[in-house]
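> here you go, sequence then predicted model.
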Amino acid sequence: MSAMNQQDTAKAWRFQGREAEIHLYLSAAEGDIGALMGARVLGLPLTLSIVPVSDWIDATDMARAAVAVVQVDADSPASIKRFERLAAANPDTPLIAAAFNPPLALVRSLLRSGAHDVLPLPLSLDDLVTSIAPLAEQVQQKEVHALAGKSRLITFSKARGGSGATALATQLACRFAAREAAAGREACLIDLDVQFGDAAFQLGLTPKFSLTDAVAAGSRLDGELLRSITTVHPSGLHVLAAPDEMLPLEGLNNDQVLAVVERAQRAFGTVFVDLPANWTHWSLSLAARSDLILLVADLSVAGLRQARRQLDLLQEQELGEVPLEIILNRHEKSLFGSVKSGDATTALGRDARFTVANDPATVNAAIERGVTVDEVKRKSAFGSDLDRLDKALVDILGLER
């Protein structure tokens, strides 16, 4: 486990979000609108709805946008009234009015009604960029709150290498995804162990793409592209595999990693992330924005010692308030085990609420065959513990099934 510089605080690597889209409500696709649809402003895609200037626009639908551009007709009182009502109904969504040759009196009236700006039609990309740029911080904060309400991020942290965290993460994520599918939701697993990650291998997958492709896409990465890069397991779990070639941990930076994870959060209901054993600024960033950290430790003296060091580090980095659960892996119920659960509580300084049975025959067979443990043995101690973990996740995350 690598230590962070004591001068580095949580503020240095906390998440900075982005908004999902900028929506245009126009009466017709005129001017450079075709070119605009392939462009991004503030890194956000532009979307278009064709709506007559006096027809009502669903205020609830508009509230989901980062910024809305609404056409106004100077000669239509109904059109002007529509804009005024939309501005009153959506105080948290910046509205930009767009009109053909807007007279000064109309511009002043729209600004008084709550318009952030008034742009001439037909729209141009330069005008949009100039108008929206001052809203960057506001729309970023809106996206942070939107993601917090719609998506769940669960990070798997290893107390030390060899603790079985990846096997646990892959098997649990598959079980979780299959049951979420019945509720109409999806889940994704991102393997961020860029040096030793083998989540896809353990699930018997042969991905054509990996994390490298997602990072290389940069600002082009959207939900559709991300889905095409992931590999879908029969359980319904979308897996973004680790790179084929080993990468230095510092080969990735905060912006790259957070952009990929954030995009996954928009595309899927729950995102699991398998972190490397060593901490980096970007892995701490993910821990900071997690809805739940699962710290996996094997029930041994050395494993518990490293788990305690992990807990101490998170506390030092101002992450003590992030929800965290400890999973004691390879747990032996035998009276002859060298380390008992009570010993773990003493060593860790806190309770470990979850244990997973030591079932090497079933787990190793599943990994070697690239299948879930239920395909190896329909009823197993390991599978029963996965069921308990799955139920706990549903309760902790406030999901309904």
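Now that the structure is in, tell me what you want to look at. Note that the coordinates shown come from a computational prediction; the quantities given were computed from them, not determined experimentally.

> so how far is stretch 275-288 from its chain's centroid?
Counting by Cα atoms, centre = their mean, to the nearest Å, stretch 275-288 is centred 14 Å from the centre of its parent chain.

> ends of that stretch, how far apart?
With Cα to Cα, to the nearest Å as the measure, stretch 275-288 spans 13 Å from end to end.

> for stretch 41-57, same thing?
Start-to-end, stretch 41-57 (Cα to Cα) is 23 Å.

> contacts for that stretch next, please.
For stretch 41-57, the surrounding residues in contact (Cβ atoms under 8 Å, 6 or more residues apart in numbering) are 18-29, 33, 36-37, 39-40, 65-66, 70-73, 76, 78-79, 82, 86, 125, 128-129, 132-133, 135-136, 139, 219, 222. All C-beta spots, glycine's among them, are computed from the backbone N, C-alpha and C.

> if you set the cut-off to 7 Å instead, what comes out?
18-19, 21-29, 33, 36-37, 39, 66, 70-73, 76, 78-79, 82, 86, 128-129, 132, 136, 139, 219, 222 (Cβ atoms under 7 Å, 6 or more residues apart in numbering).

> could you flag which of those residues are buried?
18-19, 21-27, 33, 36, 66, 70-73, 79, 82, 86, 128, 132, 136, 139, 222 (16 or more other Cβ atoms under 10 Å).

> inside helices: which ones of those residues?
Using DSSP state H, the members of the buried ones among the contacts of stretch 41-57 that fall within helices are 33, 36, 79, 82, 86, 128, 132, 136, 139.

> what's the most distant pair in those residues?
79 and 136 (28.8 Å; Cβ to Cβ).

> gap between residue 83 and residue 53?
10 Å (Cβ to Cβ, to the nearest Å).

> the more surrounded of those two?
residue 83 (24 against 20; other Cβ atoms under 10 Å).

> state the distance from the residue lying closest to the more buried one once chain neighbours are set aside to residue 113.
Nearest non-adjacent residue to residue 83, counting by Cβ to Cβ, 6 or more residues apart in numbering: residue 72, 5.2 Å away. Residue 72 is 10 Å from residue 113, where distance means Cβ to Cβ.

> please apply the same query to residue 105.
Distance of residue 105 to residue 113, given as Cβ to Cβ: 13 Å.

> higher neighbour count, the two?
Counted by other Cβ under 10 Å, residue 105 and residue 113 do not tie: residue 113 has more neighbours, with 18 against 9.

> do you know the pLDDT at the residue nearest to the more buried one when sequence neighbours are not counted?
Once flanking residues are discounted, residue 113 sits nearest to residue 84: 4.5 Å by Cβ to Cβ, 6+ apart. Note on residue 84: pLDDT of 94.

> packing partners of the strand or helix carrying residue 84?
Assigned by DSSP states H and E, residue 84 belongs to helix 77-89. Contacts defined by 3 or more Cβ pairs under 7 Å, 6 or more residues apart in numbering; DSSP states H and E place helix 77-89 against helix 59-62, strand 95-99, helix 104-113.

> need the residues that contact the helix or strand harbouring residue 306.
Applying DSSP H and E as the criterion places residue 306 in helix 301-316. Around helix 301-316, the neighbours that count as contacts under Cβ under 7 Å, 6+ apart are 1, 157, 159-160, 163, 279, 287, 295, 297, 320, 326, 339, 344, 347-349.

> quick one: buried ones out of those residues?
By 16+ other Cβ under 10 Å, the contacts of helix 301-316 give 157, 159-160, 163, 279, 287, 295, 297, 326, 339, 344, 347-348 as buried.

> now do stretch 93-111: everything it contacts.
Against stretch 93-111 from outside (Cβ under 7 Å, 6+ apart): 62-63, 65, 67-74, 83, 86-87, 114-121, 123, 131, 135, 138.
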